[in-house]
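# Output the structure for:
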Amino acid sequence: MTTQIAIRLHEQELAALDREVAEGRAASRADAVRRGIAFLERAQRYRGEEENLLRLARQADVVYPDLEVLLDLPHPTLD
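Prediction:
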């Protein structure tokens, strides 16, 4: 099932969508938006996986001794 929504975009945002289409990375503006949402979903999953890895490292579980180095690394945001 799909739901149609209406959004307002700034000119530069619309130009970014149009570049994706013009350069062949998306079939249409709607496809470009869907691809952007898929990117967002992947980023959300990766953040969840990172949190799990950090939790395991904090537990100092001997099964994952190599994960302790994750605690000292800077973790930039994905935004």
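
# so how far is Glu11 from Gly36?
Using CB to CB, to the nearest Å, one gets 17 Å for the distance from Gly36 to Glu11. Every residue, glycine included, has its C-beta placed from N, CA and C.

# Between those two, which is the more surrounded one?
Taking other CB atoms under 10 Å, Gly36 and Glu11 do not tie; Gly36 has more neighbours (14 against 7).

# For the more buried one, report the pLDDT, please.
On pLDDT, Gly36 comes in at 95.

# Same check on Asp79?
pLDDT recorded at Asp79 is 56.

# likewise Leu40?
For Leu40, the model assigns a pLDDT of 93.

# From the contact counts, what lies against whichever strand or helix holds it?
Secondary structure from DSSP states H and E places Leu40 in helix 29-58. Contacts defined by 3 or more CB pairs under 8 Å, 6 or more residues apart in numbering; DSSP states H and E place helix 29-58 against helix 11-22.

# what comes up buried for the helix it packs on?
Across helix 11-22, burial judged by 16 or more other CB atoms under 10 Å covers Leu17, Glu20.

# Check the gap between Gln12 and Arg47 for me.
26 Å.

# roughly how far apart are Arg29 and Leu14?
8 Å.
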